[in-house]
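> got a predicted model here, sequence first, then my questions.
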Amino acid sequence: MLAVNRPTFLDEPPVSDKLTDYDRAHFKLYMRLLHAEADGSNWEEAVAILFGIDPSAEPERALRIHDAHLARARWTSEHFYREMVRQSHH
């Protein structure tokens, strides 16, 4: 199988009450996670495709990475627009 160019990622995104550089760099990944969830995709399939992690080889890490990034994706989707509007007025 060909490797897909993926941005590097942390096991858990940085926690902040503001958008981070990490959030901006991984915005497309966040949106893909949200779309996968909305489509009812299996988390194992999503983590394998989006992060390149084999959930059968690293089940705990794969789930932790998926859940942490999905939670941040949800937060980002709620706060991104407001943050961008605020930044555009400065």
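Cool, the structure landed.

> for stretch 67-87, which positions count as buried?
Of the residues in stretch 67-87, those with enough neighbours to count as buried (16 or more other Cβ atoms under 10 Å) are 68-70, 72-73, 75-76, 80. In this view, the C-beta of every residue, glycine as well, is placed from N, C-alpha and C.

> nearest to Asn42, of these?
Here the nearest of these to Asn42, counting by Cβ to Cβ, is Leu70; it sits at 13.0 Å.

> thinking the closest one is in contact with Leu33, fair?
Yes - under the criterion of Cβ atoms under 8 Å, Leu70 lies in contact with Leu33, with a separation of 5.1 Å.

> out of the buried residues of stretch 67-87, list just those in strands.
The strands in this structure, assigned by DSSP state E, contain none of those.

> could I get the pLDDT score of Lys28?
Taken from the predicted model, the pLDDT recorded for Lys28 is 93.

> tell me which element it is part of?
Lys28 is part of helix 27-38, with elements assigned from DSSP states H and E.

> ok, longest helix in this structure?
Longest helix in the chain by number of residues (criterion: DSSP state H): helix 59-88.

> list the helices and strands that one packs on?
helix 21-25, helix 27-38, helix 43-51 (3 or more Cβ pairs under 8 Å, 6 or more residues apart in numbering; DSSP states H and E).

> tilt between it and helix 43-51?
Calculated by axes from the mean of the first three to the mean of the last three Cα atoms, to 10 degrees, helix 59-88 forms an angle of 60 degrees with helix 43-51.

> farthest pair in the buried residues of stretch 67-87?
Ala68 and Phe80 (17.5 Å).

> and the closest residue to His66 other than its chain neighbours, what does it touch?
By the measure of Cβ to Cβ, 6 or more residues apart in numbering, the closest residue to His66 outside its immediate chain neighbours is Val47, 4.4 Å from it. For Val47, the contacting residues are 53, 55, 62-63, 65-66, taking Cβ atoms under 8 Å, 6 or more residues apart in numbering as the criterion.
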